[in-house]
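Asks: Structural data only, the sequence is not supplied:
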């Protein structure tokens, strides 16, 4: 027993001596471990991986906006295209130096950009067609009829051949078509369409003139009715569909594309897709059936769950942009700014050579 105790004491002594030697050889080792372990304050810091993800997200937002939504400013990488309405001129900006590339005879609705060519169409009351413009200003008319809404993919142009014009709602109505980017091989996909269409994951979502919200493949096959009534698509992802029901106080619905579960988020207001997520600013219904006096802003996550972000008392306000849970409203402070790819841009019409970022 005594020998065993002597052995245990010897072993303990060896361990203590070894520990002391480690501290002498590398006295900063314990401190380094403590520094590498983040404290509560450092938990909120952005990691390198998150920075890469944010850069990718910004670039994807630029591509989606420039090729699918369009506007008066588009951006792909370091190339910015913008349209100055006063002089009907399209400018090309690279490395913050702008050059006018073409002045058009008629007003245009909006521009689209795929990184190589600009696509646009004139105001319905002035002219018709789809124009394809290169970065040197060479213009080609690749489609002859009236057009509204363009959606660019890598090889194709989806668009609405405009038949008549909805003066009240200012939305597309006609036939959804697709063609090659040189204007050849035009194919009609769906006739008597009302309002904007959305494309996601190989599917086209749209509403017909007889008030059916439908989905079909990109080639026009396998057409299916999802819901009926005055219901128009306002957003779509792999998991869900957002639509507005104009027959019910402009109710904003979310439809689960897998389970077909349909729920109301709120009523009226505005919506938008920013940084890869859909947002709604609408009013909730109170127990007495009246709408709440303020707006509530909701984030629709990719899995279809809803997150409430904030309340807004100004019912005249409209969503302009959302990033990092910061909400920008379309008021006087941000009226002159364009929000795109995680940045805001301002174009001074008196100094068109430069863009303030």
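Replies: Arrived safely, thanks for sending. Predicted model only: the values in this text are computed from it and were never measured.

Asks: What ranges does the stretch 251-357 of the chain have for its strands?
Replies: For the stretch 251-357 of the chain, the strands defined by DSSP state E, counting those that start in this stretch cover 251-256, 262-274, 277-283, 295-300, 306-312, 319-323, 326-329, 337-340, 343-347, 355-356.

Asks: Would you format the ones you listed as a markdown table with mean neighbour count, distance to residue 193 and mean pLDDT included?
Replies: C-beta here means a position set from N, CA and C on the backbone, and glycine is covered the same way. Formatted as a markdown table, the strands of the stretch 251-357 of the chain follow (neighbours: other CB atoms under 10 Å; distance: least, CB to CB, whole Å; pLDDT from 0 to 100):
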| stretch | mean neighbour count | distance to residue 193 | mean pLDDT |
| --- | --- | --- | --- |
| strand 251-256 | 20 | 19 | 95 |
| strand 262-274 | 18 | 20 | 95 |
| strand 277-283 | 22 | 22 | 95 |
| strand 295-300 | 22 | 25 | 95 |
| strand 306-312 | 14 | 29 | 93 |
| strand 319-323 | 20 | 26 | 93 |
| strand 326-329 | 15 | 32 | 92 |
| strand 337-340 | 20 | 28 | 94 |
| strand 343-347 | 16 | 33 | 90 |
| strand 355-356 | 16 | 36 | 70 |
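
Asks: Nearest approach to residue 113 belongs to which of those?
Replies: strand 337-340 (11.6 Å; CB to CB).

Asks: what bridges to the nearest residue in space to residue 223 that is not next to it in sequence?
Replies: Distance criterion CB to CB, 6 or more residues apart in numbering; nearest residue to residue 223, sequence neighbours excluded, is residue 216 at 4.3 Å. Residue 216 has these beta-bridge partners by DSSP bridges: residue 204.

Asks: ok, residue 216 - contacts?
Replies: Under the criterion of CB atoms under 8 Å, 6 or more residues apart in numbering, the contact list for residue 216 reads 189, 190, 203, 204, 206, 222, 223, 224.

Asks: same deal with residue 197?
Replies: 149, 151, 158, 160, 172, 176, 204, 205, 206, 233.

Asks: Please identify the helix or strand for residue 62.
Replies: Take DSSP states H and E as the rule and residue 62 turns out to sit in helix 48-64.

Asks: So for that helix, what gets flagged as buried?
Replies: Within helix 48-64, the residues that qualify as buried are 57, 58, 61, 62, 63, counting by 16 or more other CB atoms under 10 Å.

Asks: pLDDT value on the nearest residue to residue 220 once chain neighbours are set aside, please?
Replies: Distances taken as CB to CB, 6+ apart place residue 189 nearest to residue 220, at 3.7 Å, with adjacent residues excluded. For residue 189, the model assigns a pLDDT of 96.

Asks: again with residue 354
Replies: What the model reports as pLDDT for residue 354 is 67.

Asks: now do residue 170
Replies: At residue 170, pLDDT is 67.

Asks: ditto for residue 122
Replies: At residue 122, the model reports a pLDDT of 93.

Asks: From residue 142, how far out is the residue lying closest to it once chain neighbours are set aside?
Replies: Of all residues not flanking residue 122 in the chain, residue 106 sits nearest, at 4.5 Å (CB to CB, 6+ apart). To residue 142, residue 106 is 16 Å away according to CB to CB, to the nearest Å.

Asks: Those two: which is more packed in?
Replies: Under the criterion of other CB atoms under 10 Å, the comparison of residue 106 against residue 142 puts residue 142 first, with 19 against 11.

Asks: The more buried one in helix, strand or coil?
Replies: The three-state label for residue 142, taken from DSSP: H, G, I helix; E, B strand; the rest coil, comes out as strand.

Asks: For it, which non-adjacent residue is spatially closest?
Replies: That would be residue 183: by CB to CB, 6+ apart, it lies 3.0 Å from residue 142.

Asks: contacting residues for the residue lying closest to residue 239 once chain neighbours are set aside?
Replies: Leaving aside its sequence neighbours, residue 239 sits nearest to residue 304 (CB to CB, 6+ apart; 4.5 Å). Contacts here follow CB under 8 Å, 6+ apart; on that basis residue 304 touches 237, 239, 240, 254, 256.

Asks: try 7 Å
Replies: Going by CB atoms under 7 Å, 6 or more residues apart in numbering, residue 304 touches 239, 240, 254, 256.

Asks: Would you point out the most distant pair within those residues?
Replies: Within those (distances taken as CB to CB), the two that end up farthest apart are 239 and 254, at 9.7 Å.

Asks: Next one: the residue nearest to residue 344 when sequence neighbours are not counted relative to residue 329, how far apart?
Replies: Leaving aside its sequence neighbours, residue 344 sits nearest to residue 337 (CB to CB, 6+ apart; 4.5 Å). Distance, residue 337 to residue 329, by CB to CB: 11 Å.
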